[in-house]
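# Here is my input; please provide its structure:
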Amino acid sequence: MTNDDAQLPAPSRGKILEALARAERKVFTRPAPKSANAQVKFLLTRMKGSARSLAERVGTSTRTIERYRAGKLKKPQRRLQAVLVEETESEWQPQVRAQVRERAATSSGMMVDVTAYFGFVGKGSSDDGRERSITTDISPTYAKQILELQAAGATDEDLHPLVAEAITESYFTEWGTRAKGLRADFTNVVSIEFRF
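Coordinates of the predicted model:
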């Protein structure tokens with residue numbers, strides 16, 4: 001690993017993408033590998049044994065990958081450790097994740113717990129925007145759209161309006177039964193969690 005690699009910050013996803021990743025981790029039936037050695041060995045099985053391909057994927061040298069595989073290196077620098085965790089968890093138990101995602105997109109939807117500043121746009125809305133903590137369902141229709149965008153590589157900025165629309169539908173307009181035309185935007189997200 002070069003000195004430049006050591007100085008790069010750990011990869012960072014936005015709050016929505018990180019919350020979706022945490023929700024997926026909670027559905028694992030077995031824990032993902034924790035040590036760098038086990039993570040490298042697991043990822044090498046996914047890369048058909050190619051240390052060069054794995055090195056390119058995680059942004060380090062082939063020699064570094066070989067040393068982790070052999071157990072000569074044990075504790076990666078923060079950036080590499082974060083990449084190894086993220087890549088391992090993205091490949092871990094794909095069938096379990098696929099089943100949960102399919103169920104969320106077709107029948108069960110998802111739950112969202114969010115604390116954020118909600119502001120409103122609509123006719124006759126007298127409710128000023130403020131920070132709220134909300135727990136509500138997200139319909140399978142919105143869950144499907146959110147999960148498809150996530151799988152397509154969407155950013156937090158791409159997902160933000162869709163999550164706001166899903167929360168508006170379920171929480172503020174109660175599935176279209178009240179406050180017709182209301183649109184709630186949320187900003188300054190303090191925390192967000194999804195549950196399948």
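
# what helix or strand is Phe194 on?
Using DSSP states H and E, Phe194 maps to strand 183-195.

# Show me what that strand packs onto, helices and strands only.
With contacts taken as 3 or more Cβ pairs under 8 Å, 6 or more residues apart in numbering; DSSP states H and E, strand 183-195 sits against helix 15-25, strand 110-121, strand 130-138, helix 156-167. Any C-beta I mention is one placed from the backbone N, CA and C, and that applies to glycine too.

# Using PDB, write out every CA atom in the next helix or strand after the third one.
Sequence order places helix 140-151 as the next helix or strand after strand 130-138, per DSSP H and E. Output of helix 140-151 as PDB, limited to C-alpha atoms (Å, rounded to 0.1, in the frame of the first residue of the first chain):
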ATOM      1  CA  PRO A 140     -43.900  -2.200  -1.400                       C
ATOM      2  CA  THR A 141     -44.200   0.100  -4.500                       C
ATOM      3  CA  TYR A 142     -41.900   2.600  -3.000                       C
ATOM      4  CA  ALA A 143     -39.700  -0.100  -1.400                       C
ATOM      5  CA  LYS A 144     -39.200  -1.600  -4.900                       C
ATOM      6  CA  GLN A 145     -38.300   1.800  -6.400                       C
ATOM      7  CA  ILE A 146     -35.800   2.600  -3.600                       C
ATOM      8  CA  LEU A 147     -34.100  -0.800  -3.800                       C
ATOM      9  CA  GLU A 148     -33.900  -0.700  -7.600                       C
ATOM     10  CA  LEU A 149     -32.300   2.700  -7.400                       C
ATOM     11  CA  GLN A 150     -29.900   1.500  -4.800                       C
ATOM     12  CA  ALA A 151     -28.900  -1.500  -6.900                       C
END
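
# and helix 140-151, what does it pack onto?
Checking 3+ Cβ pairs under 8 Å, 6+ apart, helix 140-151 ends up next to helix 15-25, helix 156-167.

# Tell me where the model's unsure across this protein.
Along the chain, the model assigns pLDDT under 70 to residues 1-13, 120-128, 179.
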